[in-house]
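Asks: I'll drop the sequence and a predicted model, then ask my questions.
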Amino acid sequence: MVKPRLKRYGKKQRTYRIIAIDTQSRREGKAIQEIGFYNPRKEQTRLDLSSIAVLLKQGAQSTATVRDILKRAKVLEQIGINF
């Protein structure tokens, strides 16, 4: 099963990439696809809406943190998916 989740990166591991990855892979493993970026310190978020929509409509279950990021960005409302 594929899951959208966070992958830490950066010099001090303080920023995150939102990636689509197999649930059996480790967090820092090879991602299937990068679908966004999240920086909690500067409150920056960049999302690839079309990729996220395709993943969620195919049945991917996002982690709680990624779901909260998507709700704050109002992506789920645009796609038409309710969590």
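Replies: Thanks, I have the structure now.
Asks: any weak-confidence spans in the chain?
Replies: 82-83 (pLDDT under 70).
Asks: state the distance from the residue nearest the centre of it to Glu43.
Replies: In the chain, the centroid-proximal residue (CA atoms, centre = their mean) is Ile18; its distance is 3.5 Å. According to CB to CB, to the nearest Å, Ile18 and Glu43 sit 15 Å apart. Any C-beta I mention is one placed from the backbone N, CA and C, and that applies to glycine too.
Asks: ok, back up a step: quick one, what contacts the residue nearest to the centre of the chain?
Replies: Shown in contact with Ile18 (CB atoms under 8 Å, 6 or more residues apart in numbering): 4-7, 34-38, 47, 66, 69.
Asks: pairing partners for the host helix or strand of it, with directions?
Replies: Using DSSP states H and E, the element containing Ile18 is strand 15-22. Take DSSP bridges as the rule and strand 15-22 pairs in its sheet with strand 2-9 (antiparallel), strand 33-39 (antiparallel).
Asks: count the residues that sit near Gly10.
Replies: Using other CB atoms under 10 Å, Gly10 has 10 other residues around it.
Asks: skip the chain neighbours and tell me the closest residue to Lys30.
Replies: Nearest residue to Lys30, sequence neighbours excluded (CB to CB, 6 or more residues apart in numbering): Ile21, at 7.8 Å.
Asks: residues touching the one you found, list them.
Replies: With CB under 8 Å, 6+ apart, Ile21 has these contacts: 2-3, 5, 7, 27, 29-32.
Asks: what is it paired to in the beta sheet?
Replies: What pairs with Ile21, by the bridge criterion (DSSP bridges), is Lys3.
Asks: measure it to Lys12 for me?
Replies: 22 Å.
Asks: restricting to C-alpha, output stretch 33-53 in PDB.
Replies: Extracted in PDB, the C-alpha atoms of stretch 33-53 (Å, rounded to 0.1, in the frame of the first residue of the first chain):
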ATOM      1  CA  GLN A  33       7.100  10.200  -5.900                       C
ATOM      2  CA  GLU A  34       7.700  13.600  -4.200                       C
ATOM      3  CA  ILE A  35       4.400  15.400  -3.800                       C
ATOM      4  CA  GLY A  36       5.200  18.400  -1.700                       C
ATOM      5  CA  PHE A  37       7.400  20.300   0.800                       C
ATOM      6  CA  TYR A  38       6.700  21.400   4.400                       C
ATOM      7  CA  ASN A  39       8.700  23.800   6.600                       C
ATOM      8  CA  PRO A  40       7.200  24.100  10.000                       C
ATOM      9  CA  ARG A  41       9.500  26.900  11.100                       C
ATOM     10  CA  LYS A  42       8.500  29.300   8.400                       C
ATOM     11  CA  GLU A  43       5.000  27.900   7.800                       C
ATOM     12  CA  GLN A  44       5.800  27.200   4.200                       C
ATOM     13  CA  THR A  45       4.000  24.500   2.300                       C
ATOM     14  CA  ARG A  46       4.200  23.600  -1.400                       C
ATOM     15  CA  LEU A  47       1.900  20.800  -2.700                       C
ATOM     16  CA  ASP A  48       1.400  19.100  -6.100                       C
ATOM     17  CA  LEU A  49      -2.400  19.000  -6.000                       C
ATOM     18  CA  SER A  50      -2.800  16.700  -9.100                       C
ATOM     19  CA  SER A  51      -0.500  14.000  -7.700                       C
ATOM     20  CA  ILE A  52      -2.100  14.200  -4.300                       C
ATOM     21  CA  ALA A  53      -5.600  13.800  -5.800                       C
END
